[in-house]
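Engineer: predicted model and sequence follow; I will ask about them next.
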Amino acid sequence: MTLGSGLLFDWGWTATPDHWGTRMVNDNEQQGAGGRQFSDEELQDLVASSDSGARDPDNRGIALLIAGLALAWSLFQLWIAQPQLWFAEYIPALNSSQTRPIHLTFAIVLAFLAYPAFKSSPRHRIPLFDWVLAAIGGGAAFYVFLFSDTLALTARSGLPTQTQVIIGAIGLLVLLEASRRALGPALTIVGSVFLLYAYMGTGWLIPELIEHEGLSFTALINAQWLDTAGVFGIPLGVSTAFVFLFVLFGSLLDKAGAGNYFIKLAFAGLGHLRGGPAKAAVVGSAMTGLISGSSIANVVTTGTFTIPLMKRVGFTNEQAGSVEVASSVNGQIMPPVMGAAAFLMVEFIGISYVEVIKHAFIPAVISYIALVYIVHLEALKKDMPALGEAKSFIGMLLKFFIGFAVAGVAFTALIYGVGALRAVAPALASPVMMAVLLGVYALLVWVAARRPDLEVDDPNDPEIKLPTVKEVYATGLHYILPIVVLVWFLMVERQSPAKSAFYATSLMLLIIVTQRPMKAIFRGQGAQLIAELKGGFTDLLDGLIAGARNMIGIGVATAAAGIIVATVTKTPIGTELAGLVEQLSGGILFVMLVLIGLFSLILGMGLPTTANYIVVSSLMASVVVSLGAQEGLIVPLIAAHLFVFYFGIMADVTPPVGLASFAAAAVSGGDPIRTGFTAFFYSLRTVALPFLFIFNPTLILYGVDLGTTAGILQAISVFVIATFAMLLFAAATQGYFLARSRIYESAALLLVAFTLFVPNVFLDMVQSPFREVPPMQFEEALADAPEGARLRIEVSGPDFDTGEITDLTLPIDVVGATAAERLDATGLLLFPDGEVMRLDEPMFGTEAAEALADFDFYADEPVALATVQMPRDRLPEQIFYIPALLLLGLVILLQRRRQTKPAF
């Protein structure tokens with residue numbers, strides 16, 4: 001497709017965290033129950049209308065202006081991201097309060113230029129009203145940059161001027177309209193509701209539980225637009241500092257040809273198996289999901305190839321679409337990007353990026369492995385043929401693990417080799433590493449040049465010739481280098497995500513410009529060198545422009561989501577939601593978690609992944625922690641955030657919104673509602689996982705030290721057992737294991753899987769994990785406990801807001817050598833009062849002070865220690881694996897009698 005007359009431009013086949021909005025839903029509603037399959041041109045138009053804007057101006061000057069603004073945005077982001085700041089001597093470096101408004105200025109202006117107001121609005125010209133809105137919205141955002149020093153002395157000091165308030169009010173309204181155009185109405189409606197709630201405070205639609213006095217108009221605009229905690233707060237800061245670079249990185253990778261390479265590689269490895277196209281769809285989506293921020297983009301980019309092939313081997317329209325939906329949505333939980341949620345978690349939780357990746361890795365991987373197995377079971381149930389000569393599933397797995405082990409050994413050797421080089425010649429280490437990297441790149445391009453370039457296959461071609469791994473893998477190994485660089489700087493060098501993404505993107509810029517001319521040289525096609533060099537620069541420009549246009553929706557979404565964040569901090573809604581959930585659940589912990597999951601699902605409907613996570617985490621994550629603590633369950637904050645994030649992204653699957661399901665139905669020609677329900681059924685493992693790691697945080701490697709051999713062995717053990725358990729869970733929910741399962745066999749498999757996942761639940765029924773100590777003996781218990789142990793105390797006292805007596809369970813880590821040091825480390829201030837151990841307000845800045853912030857320490861009723869619990873010696877929880885495995889053996893014996901085909 002071209003933009004204007006002559007300027008080549010890719011309209012958005014790259015990974016992006018945007019959504020289809022109501023346009024996608026409305027188009028599919030018109031399909032009727034049977035649905036219709038969209039043409040390639042229609043699909044490209046649908047992707048463009050959501051991912052990068054549907055405008056295609058006839059006027060060449062306007063087309064060049066849009067492309068030029070997008071290019072300028074990408075160059076600006078690369079400029080502020082480069083870590084050396086070599087220009088700081090000549091040009092002042094910009095701080096975050098200056099870069100965020102510029103980022104939003106680009107996003108708002110491009111939103112009005114690229115996205116029509118309505119479906120019926122003109123696409124080949126930009127109406128005057130859109131120019132006006134672009135100028136007003138961009139001007140309101142740029143004002144915050146231009147007058148940042150003045151704002152610091154006035155508005156951000158609590159003294160906004162009338163002019164500032166007017167500009168802020170206009171900016172908010174225009175931002176909400178930009179959000180509606182780029183993302184559909186969902187976020188605009190949610191943001192508007194939160195603004196009204198913050199302003200009004202009370203009303204017949206506002207429950208008494210969350211009523212407040214209401215903010216003045218000036219205070220509202222100051223908090224939302226003029227301050228650094230609203231629209232220009234953490235979410236927009238993450239978009240500016242991290243997300244843009246990762247989206248640009250994915251855009252450049254795709255433009256270079258990596259997307260097609262990943263899909264071909266997946267089909268080469270898995271296409272020859274039973275249900276091979278579906279398995280390849282899962283793995284292909286996993287690989288693109290590594291760098292993608294959008295389940296919708298994943299569905300269309302990989303689905304246009306995989307869905308027709310899935311239908312060819314026996315999947316129905318709905319099943320084919322559902323497999324693609326389930327695998328694409330899973331891309332949002334797959335590190336390192338996680339739909340930009342990984343970077344937001346760093347800011348919201350206050351842990352390192354590496355920690356986020358550590359905690360998110362195992363659930364994401366076992367979820368994908370289980371989806372491959374679900375597809376395999378569907379193929380067995382329907383006795384699906386393989387495309388071409390059938391290959392062994394076990395053999396494929398064995399080759400995969402051998403390749404994984406070889407890559408792991410090579411990466412480990414690289415770490416030790418670089419470490420040795422730095423020890424011997426520290427000054428030469430960086431130049432030598434750079435030279436080796438460039439040498440390896442040249443070698444891999446030479447290897448790729450010996451084979452023909454990969455063409456994009458037509459999945460509807462009557463003759464499908466599946467490639468072999470040998471034919472495919474060598475053609476794109478140089479695409480792996482930027483990913484290795486990214487992982488190296490993130491995991492080994494422990495650099496910031498922004499700096500790591502900058503280095504990886506810099507290498508990607510080199511690759512996209514040089515790979516074509518280098519191949520021409522290696523192939524002896526010197527006459528084409530100039531043409532290939534020009535082609536490389538064209539790809540570079542297209543990639544930079546596409547990356548920026550794919551960021552329009554994210555920039556607008558993170559800014560609009562900042563409205564919700566500011567409202568939560570300025571009103572009681574964030575703290576009082578826990579009380580509402582508790583009332584509805586009747587105090588039953590599992591019911592509480594189900595309600596929180598449902599709320600997260602509803603809040604996430606129609607929102608792009610980034611905004612989705614901001615909304616659900618702002619409102620619901622603290623609820624999980626506080627309600628768990630009230631019921632005696634210590635929930636790590638990262639587990640709570642992952643819990644609500646998992647349920648939030650399930651909104652992409654679940655009808656009636658289910659945007660990814662509607663997108664898949666557009667490709668498959670299936671019914672979108674049936675596709676959504678089937679995809680939800682395939683995604684049950686993603687629904688179950690959050691509950692499992694809430695009750696057993698070891699599943700997210702919480703408390704596992706990967707810096708020790710024992711920790712690594714424990715992590716491997718957790719991964720193997722969790723994978724095995726998830727496969728059994730998949731078999732139970734699919735009703736097929738070695739043969740079609742009877743109801744009691746599926747129930748037995750579910751019980752076995754649950755036991756392997758959370759054996760501690762059964763052990764707690766048999767032996768209490770703690771023994772109670774009288775509160776008056778807390779100091780003695782603290783002194784007697786071994787260092788590093790964890791005690792638990794239950795605190796009882798009046799709530800600061802309601803005055804009602806509430807209970808809270810708090811973990812106490814034993815830190816320090818002496819009893820006095822250990823007591824000081826807790827931050828607790830204890831005062832014996834007869835038979836009651838009273839608590840005074842904890843020391844400021846300690847974890848106890850934050851945890852007990854909702855108690856009223858100055859009421860007539862004292863805040864006191866209710867119970868003290870010390871860990872006790874008991875049986876290992878793994879003892880319950882024995883009956884579970886015996887029950888599994890019984891199921892295997894029963895099904896072996898009915899088995900008619902190999903299980904793998």
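Structural biologist: That came through fine. Nothing here was measured: the structure is a model prediction, and the numbers come from that model.

Engineer: which residues of the stretch 201-350 of the chain score low on pLDDT?
Structural biologist: 289-295, 297, 337, 339 (pLDDT under 70).

Engineer: can you map out the strands along it?
Structural biologist: Remark: no strands are assigned in the stretch 201-350 of the chain by DSSP state E, counting those that start in this stretch.

Engineer: same question, the chain
Structural biologist: Assigned by DSSP state E, the strands in the chain fall at 2-3, 7-8, 770-773, 790-798, 805-813, 829-833, 836-840, 864-871.

Engineer: closest one to Ala578 among those?
Structural biologist: Distance to Ala578, taken as Cβ to Cβ, is lowest for strand 805-813 among the strands of the chain, at 10.3 Å. (Glycine included, C-beta is placed from N, CA and C.)

Engineer: what's the angle from that closest one to strand 790-798?
Structural biologist: 160 degrees (axes from the mean of the first three to the mean of the last three Cα atoms, to 10 degrees).

Engineer: which secondary structure elements does strand 805-813 contact?
Structural biologist: Where contact means 3 or more Cβ pairs under 8 Å, 6 or more residues apart in numbering; DSSP states H and E, strand 805-813 is packed against helix 622-630, strand 790-798, helix 847-851.

Engineer: quick one: buried residues of that strand?
Structural biologist: Buried residues in strand 805-813, counted by 16 or more other Cβ atoms under 10 Å: Thr806, Leu808, Thr809, Leu810, Ile812.

Engineer: nearest to Ala320, of the residues you listed?
Structural biologist: Closest approach between the buried residues of strand 805-813 and Ala320, by Cβ to Cβ: Thr809, at 47.7 Å.

Engineer: how close does that closest one get to Ser97?
Structural biologist: 40 Å (Cβ to Cβ, to the nearest Å).

Engineer: got it, and Ala561?
Structural biologist: From Ala561 to Ser97 the distance is 18 Å (Cβ to Cβ).

Engineer: from Ala819, how far out is Gly735?
Structural biologist: 58 Å.

Engineer: helices and strands around the longest helix along the chain, which ones?
Structural biologist: Longest helix in the chain, counting residues (DSSP state H): helix 393-424. Helices and strands touching helix 393-424, by 3+ Cβ pairs under 8 Å, 6+ apart, are helix 258-270, helix 426-449.

Engineer: need the strands of the chain in TSV (columns: mean pLDDT and distance to Ile170).
Structural biologist: Below are those laid out as TSV (pLDDT from 0 to 100; distance: least, Cβ to Cβ, whole Å):
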stretch	mean pLDDT	distance to Ile170
strand 2-3	32	30
strand 7-8	35	33
strand 770-773	86	58
strand 790-798	88	45
strand 805-813	85	44
strand 829-833	86	50
strand 836-840	88	49
strand 864-871	88	53
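
Engineer: okay, now Thr708: neighbour count?
Structural biologist: When neighbours are counted by other Cβ atoms under 10 Å, Thr708 registers 10.

Engineer: again with Leu750
Structural biologist: 16.

Engineer: same check, this time on Ala903
Structural biologist: There are 17 residues near Ala903, going by other Cβ under 10 Å.

Engineer: list the contacts of it.
Structural biologist: Leu380, Phe737, Leu738 (Cβ atoms under 8 Å, 6 or more residues apart in numbering).

Engineer: give me the buried subset of these.
Structural biologist: The neighbour count (16+ other Cβ under 10 Å) marks Leu380, Phe737, Leu738 as buried among the contacts of Ala903.

Engineer: so for this protein, the centremost residue is which one?
Structural biologist: Against the mean C-alpha coordinate of the chain, by Cα atoms, centre = their mean, the closest residue is Met338 at 2.5 Å.

Engineer: pretty sure that residue sits against Pro363.
Structural biologist: No: assessed by Cβ atoms under 8 Å, Met338 is found out of contact with Pro363, at 11.1 Å.

Engineer: identify the contacts common to the two.
Structural biologist: With Cβ under 8 Å, 6+ apart, Met338 and Pro363 have no common neighbours.

Engineer: quick one, what contacts the closest residue to Thr698 other than its chain neighbours?
Structural biologist: With Cβ to Cβ, 6 or more residues apart in numbering as the criterion, Thr698 has its nearest non-adjacent residue at 5.8 Å, and that residue is Val718. By Cβ under 8 Å, 6+ apart, the contact set of Val718 is Ile362, Thr698, Leu699, Leu701, Val704.

Engineer: using pLDDT, spot the least trustworthy of the residues you listed.
Structural biologist: The member of these with the lowest pLDDT is Val704, at 87.

Engineer: what's the burial count for it?
Structural biologist: Neighbours of Val704 (other Cβ under 10 Å): 21.

Engineer: now do the helices in the stretch 101-250 of the chain.
Structural biologist: 128-146, 148-153, 162-183, 185-200, 217-221, 234-238, 244-256 (DSSP state H, counting those that start in this stretch).

Engineer: more crowded one of Ala561 and Ser97?
Structural biologist: Ala561 (31 against 17).

Engineer: got any ranges where the protein has weak pLDDT?
Structural biologist: Ranges of the chain meeting pLDDT under 70: 1-54, 84-89, 289-295, 297, 337, 339, 386-393, 457-464, 630-632, 904.

Engineer: correct me, but Ala501 touches Gln82?
Structural biologist: No: assessed by Cβ under 8 Å, Ala501 is found out of contact with Gln82, at 11.2 Å.

Engineer: picking that back up, how far away is the residue nearest to the centre of the chain from Val625?
Structural biologist: Distance, Met338 to Val625, using Cβ to Cβ: 20 Å.

Engineer: okay if I get the strands of the chain as CSV plus distance to Thr569?
Structural biologist: Converted to CSV, the strands of the chain look like this (distance: least, Cβ to Cβ, whole Å):
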stretch, distance to Thr569
strand 2-3, 41
strand 7-8, 44
strand 770-773, 35
strand 790-798, 24
strand 805-813, 22
strand 829-833, 28
strand 836-840, 27
strand 864-871, 30
